[in-house]
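**Student:** got a predicted model here, sequence first, then my questions.
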Amino acid sequence: MNEGNGPGAVARGLRSLREAHALGCGELAACIGVTPESLRAIETGETLPSAAVLLRLSAFFAVEPAYFFDPASSLPIAGPGEASSTELDHLDGLVDEDTLELLAALDRSARKLKG
């Protein structure tokens, strides 16, 4: 993964979405079922989110997971916050990081083909 698509890109995408929706770090953390410290570590680029957390963030903000790696390649899919953390619990453990990266790459490729 190159630096442009790594923790820094995820951090920028997450921070911009959180601020655009006027959410505090603690408030968003509670909505997606993580600790504020974990969310801050993602938002500062210290760490990448797990696949489950990335899917929760994607569902909460109604964006494709690829948005966090390349905001220009992904469009909103629904209204932000439409899924609660309890509705997203079934996602835990279903997708590993490699699969998520593959899905993001496929999403970008499909969007390029559509023009």
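**Tutor:** Looks like it arrived, so ask away.

**Student:** doesn't A9 make contact with P49?
**Tutor:** No - the pair P49 / A9 is not scored as a contact, 12.0 Å apart, by Cβ atoms under 8 Å. Where you see a C-beta, it was placed from the backbone N, CA and C, and this is true even at glycine.

**Student:** who has more neighbours, the two?
**Tutor:** Summary of the neighbour comparison: P49 and A9, criterion other Cβ atoms under 10 Å, with P49 having more neighbours (26 against 20).

**Student:** now do the same contact list for the more buried one.
**Tutor:** Neighbour list for P49: V10, I42, L57, F68 [criterion: Cβ atoms under 8 Å, 6 or more residues apart in numbering].

**Student:** any shared contact partners between P49 and A9?
**Tutor:** Each of F68 lies in contact with both P49 and A9 under the rule Cβ under 8 Å, 6+ apart.

**Student:** pull the number of nearby residues for A29.
**Tutor:** For A29, the number of neighbouring residues by other Cβ under 10 Å comes to 21.
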